[in-house]
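Participant: 3D, please:
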Amino acid sequence: MSDPSRVTALDAVHRALGATMTDFAGWSMPLRYGSERAEHQAVRTAVGLFDLSHMGEIAVTGREAAALLDHALVGRLSAVRPGRARYTMICAAGGGILDDLIVYRLADEEFLVVANAANAERVLAELRERGAGFAAEVRDDRDAYALVALQGPAAAGVLARLTEADLSGLRYYASLPAEVAGRKVLVARTGYTGEDGFELFCAPDDAEPLWAALTEAGAEDGLVPCGLSCRDTLRLEAGMPLYGHELSEATTPFDAGLGRVVKFEKEGDFVGRAALERAAERAASDPPRVLVGLVTGERRVPRAGYPVVAADGTVIGEVTSGAPSPTLGRPIAMAYVDASHAAPGTEGVAVEVRGTAVPHEVVALPFYRRD
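Facilitator: Take a look at the predicted model:
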């Protein structure tokens, strides 16, 4: 495997902590620091600290920035108030998902689009192409930010020790500029773990001192550094989709059960509208396959790509993500299955794990929901 081309501003910190590093979307990223289970449980019960600086930040600014995003994305971004954020998607003309995004409205004419690392270049190119004719600028801001995430039930208490910002008034999917440990930071109450938490956008030069301050402030709460491995099991338990697994250009938002992000009522046309209208009709009347949860009491773990079969051995679907669940204490998976087998409690469903049909129970997503 070739060496990844990029490192984050926290690379030296991860290596000093003894992290196991991996190549992820061309970035050298920490997979784990020690026990994946311990890191997972720390986020569920206390607080964990992640480096997410591989994510792709794209600024969209100007008089028609909102109109550009309404045209380019499936959501109605013009309706988002400054200081709030919206989960949305960018789709191809044929309706397939190119990426799922979080868009922060920082001011009336200023938005921050955050794309997945593997898709950032394509999202940037699509926004620039779709923005032709709009009085707005699309700017690659990936080198302007480092991004760390503080996640878990103790996250608010830890962050409050380092800032005078009113965190109690900061709602989910809202953001505000603040000073944290004396550094200028955009604090967003967002995350990908199923827990309360914050994502902190800062200048790359401020990443190390910010990480150190958060680590020290969280010591009494049991804060631990967390890698990509536990982030994946956390998001899986929370039923959150991952691009390249539950989401792809071969699926529409309606296929993934996320049709709510498509806003047909917004003014003007948007890329993919006609195809998505057809997908919405199909999903309402005769969905080909439905995204479901699967759990088993067996030890064998279902993995992405494993076939899902009916009692007679007929293939009725495919696992998209699977792992042992530290919280539930048994293997779990998300899978697309035929609509006839998608109802929670459906019997006779199994996953073929290395040639063995392992019985699974169909359940509603998510597997885990915080109090």
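
Participant: count the residues that sit near Gly297.
Facilitator: 11 (other CB atoms under 10 Å). In short, each C-beta sits where N, CA and C put it, glycine included.

Participant: helix or strand for Asp99, which one?
Facilitator: Element membership of Asp99, judged by DSSP states H and E, is strand 97-107.

Participant: ok, longest helix in the protein?
Facilitator: helix 273-285 (DSSP state H).

Participant: for the closest residue to Val7 other than its chain neighbours, list each beta-bridge partner.
Facilitator: In this structure, Val7 finds its nearest non-sequential neighbour in Ser28, 4.9 Å apart by CB to CB, 6 or more residues apart in numbering. For Ser28, the beta-bridge partners are Val7, Asp23 (DSSP bridges).

Participant: residues near Ser28, how many?
Facilitator: 19.

Participant: I figured it hits Arg6, correct?
Facilitator: Yes. Using CB atoms under 8 Å, Ser28 makes contact with Arg6 at a distance of 7.1 Å.

Participant: so where's this protein uncertain?
Facilitator: 1-4 (pLDDT under 70).

Participant: how about 80 then?
Facilitator: Counting by pLDDT under 80, the chain shows low-confidence ranges at 1-5.

Participant: ranges for the helices of it?
Facilitator: Using DSSP H, helices in the chain cover 11-16, 36-45, 65-72, 120-130, 155-160, 207-217, 228-237, 273-285.

Participant: the third one - contacts with which helices or strands?
Facilitator: With contacts taken as 3 or more CB pairs under 8 Å, 6 or more residues apart in numbering; DSSP states H and E, helix 65-72 sits against strand 110-115, helix 120-130.

Participant: how about residues contacting it?
Facilitator: Residues outside helix 65-72 that contact it (CB atoms under 8 Å, 6 or more residues apart in numbering): 60, 62, 75-78, 90, 103, 109-111, 113, 126-127, 130-131, 134, 136, 138, 266-271.

Participant: neighbours around Ala16, how many?
Facilitator: Ala16 - counted by other CB under 10 Å - has 9 other residues nearby.

Participant: ok so, going back, out of the helices of the chain, nearest to Ala350?
Facilitator: helix 228-237 (19.7 Å; CB to CB).

Participant: how about residues contacting the closest one?
Facilitator: With contact meaning CB under 8 Å, 6+ apart, helix 228-237 is reached by 22, 24, 29-32, 36-37, 39-40, 43-44, 48, 50, 151, 192-195, 242, 321-328, 332, 334, 366-368.

Participant: let's go with 6 Å and repeat that
Facilitator: Helix 228-237 is touched from outside by 29, 31-32, 36, 39-40, 43, 192-193, 321, 323, 325, 327, 367-368, with contacts defined as CB atoms under 6 Å, 6 or more residues apart in numbering.

Participant: swap in stretch 175-183?
Facilitator: Identification of contacts with stretch 175-183 by CB under 6 Å, 6+ apart yields 104, 162-163, 165, 185-188, 202, 206, 210, 213.

Participant: and with 8 Å instead?
Facilitator: Taking CB under 8 Å, 6+ apart as the rule, stretch 175-183 contacts 83-85, 104, 106, 159, 162-165, 170, 184-190, 200, 202-203, 206, 209-210, 213-214, 217.

Participant: buried ones in it?
Facilitator: Within stretch 175-183, the residues scored as buried using 16 or more other CB atoms under 10 Å are 175-176, 178, 180-181, 183.

Participant: return the subset of those lying in strands.
Facilitator: 175-176, 178, 180, 183 (DSSP state E).

Participant: distance to Ala66 added to those residues, as JSON lines?
Facilitator: Putting those into JSON lines (distance: CB to CB, whole Å) gives the following:
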{"residue": "Ser175", "distance to Ala66": "17"}
{"residue": "Leu176", "distance to Ala66": "20"}
{"residue": "Ala178", "distance to Ala66": "24"}
{"residue": "Val180", "distance to Ala66": "28"}
{"residue": "Arg183", "distance to Ala66": "29"}
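
Participant: between these, which is nearest Leu258?
Facilitator: Of all these, Leu258 sits closest to Ser175, with 22.1 Å by CB to CB.
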